[in-house]
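J.: predicted coordinates and the sequence they were generated for:
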Amino acid sequence: MSESNPYQPPGSPPPRATPAVMPSAAPALSSTPRSVDAGRGWEWIAEGFALFKKQPGTWILILIVFVVCATLIHFIPVIGSLAGVLLTQVFMGGLMLGCAALARDETLEVGHLFAGFKQNTGDLVLLGVLTVVGWILALIPAVLIAGGGAFMSMMMGGEPIAHVGAMGLSFFLALLVVLALAVPLYMALWFAPSLIVFNQLKPVDAMKTSFYACLKNIVPFLIYGVIAVVLCLIAAIPFGLGFLVLGPVLFASIYTGYRDIFTAG
C-alpha cells in the first residue's frame, strides 16, 4: 500500500511515487496539511514534554552531545560556521526519527542523533545547503543597509554623535530586515527534516510543504511561539540549566506538531 500524495504547492512538479512506509516511519501524510485549533500550539509543547518524560536522562545526554558536536564543528577553520548550519538539518532528521521511536514506545538512543547520517543523508545535506543559501539571501539586504548607513554617516559632516545615531538607525533597520526574512525561512525549514525522513520528499518540496503548513496554522504557531519565548526566559533563570529540559521538549514538539498537522484524523 502506498502513501497518499503530499500537498503540492501551485506550480510545483507532480509528486513522485512515495515508497511504502518503513517500520521506522511516522503515519502517512494526508493529502493536504490540515489546519488545527489554536490551542494545539500549547499542546505540541505539552506532548513534547510527555515524550521527554519517557527517557529524560537520554534526552539530556543527546542534547549535551548535540551541543558539543555543534561547538566542535564551529571551531573548524574557515568553513566551521557554514558546516554547522548545514549539518544541523542532518541532526534534526535523526532527532525526528528518535521522537517517532519514542512515540511507538521504543527506546530512544543517543545514536538517533546521528541517524540522519545513515538515512536520507543526501537530501538532508541538500536541505542544509539550501538553509545556508537562505541565510545568505536574508543577510545580503541587511549588510547593504548597514553598510550603506555607515558609509553615509562617514560622508556626512557634523557632530560625531549624529554619526553614531545614523549608524545605529541603519543597524536597527538591518536587524528588522533579517528578522522579516528569517520568519519565512524558519517556516520552510520547520517540518522539512520530518517530511524528508518520514515521507521521502525532496528538499525543495519539503520546504514548500513545510511553509504552507506553517502558514495554514499561523495562529497555533503564534501561540506556540509566545509560550516558547516565555519558557525560554524561565529556563534561563537558573544559570540556563532549564534548557536541559526545555531544549529536548522543543525538539520533541517539532515532531508532535508534524504528527498533528500532517496525519489524517
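T.: Done, it's in.
J.: what residues does stretch 222-233 touch?
T.: Residues outside stretch 222-233 that contact it (CB atoms under 8 Å, 6 or more residues apart in numbering): 38, 39, 41, 42, 44, 45, 243, 246, 250, 253, 257. C-betas here are computed from N, CA, C, even on glycine.
J.: correction: the previous question concerned stretch 115-128.
T.: Residues from elsewhere that reach stretch 115-128, judged by CB under 8 Å, 6+ apart: 24, 85-94, 97-98, 189, 192-193, 196-197, 200, 202-203, 206-207.
J.: gap between the most centrally placed residue in the chain and residue 95?
T.: In the chain, the centroid-proximal residue (CA atoms, centre = their mean) is residue 190; its distance is 3.9 Å. According to CB to CB, to the nearest Å, residue 190 and residue 95 sit 13 Å apart.
J.: and residue 107, backbone torsions?
T.: According to degrees, to the nearest 10, the main-chain angles of residue 107 amount to phi -90, psi 130.
J.: check residue 105 too.
T.: Main-chain dihedrals, residue 105, degrees, to the nearest 10: phi 60, psi 30.
J.: do the same with the one 5 residues further on
T.: The phi and psi torsions at residue 110 (degrees, to the nearest 10) take the values phi -60, psi -30.
J.: surely it meets residue 62?
T.: Yes - the pair residue 110 / residue 62 is scored as a contact, 5.6 Å apart, by CB atoms under 8 Å.
J.: comparing those two, which residue is more hemmed in?
T.: A direct count of neighbours by other CB atoms under 10 Å for residue 110 and residue 62 places residue 62 higher, at 24 against 14.
J.: for that one, what are its contacts?
T.: Taking CB under 8 Å, 6+ apart as the test, what residue 62 contacts is 95, 98, 108, 110, 112, 113, 248.
J.: try it again at 10 Å.
T.: Residues in contact with residue 62 (CB atoms under 10 Å, 6 or more residues apart in numbering) are 55, 91, 94-95, 98, 108-113, 247-248, 251.
J.: can you mark which positions in the top helix by length along the chain are buried?
T.: In the chain, taking DSSP state H as the definition, the longest helix is helix 121-155. Neighbour-count burial for helix 121-155, with 16 or more other CB atoms under 10 Å as criterion, is recorded at 123-128, 130-132, 134-135, 138-139, 142, 145-146, 149, 153.
J.: give me the common contacts of residue 190 and residue 95.
T.: Residues touching both residue 190 and residue 95 (CB under 10 Å, 6+ apart) are residue 254.
J.: if we ignore the residues flanking it in sequence, what's nearest residue 51?
T.: In space, and not counting its chain neighbours, residue 51 is closest to residue 252: 4.2 Å by CB to CB, 6 or more residues apart in numbering.
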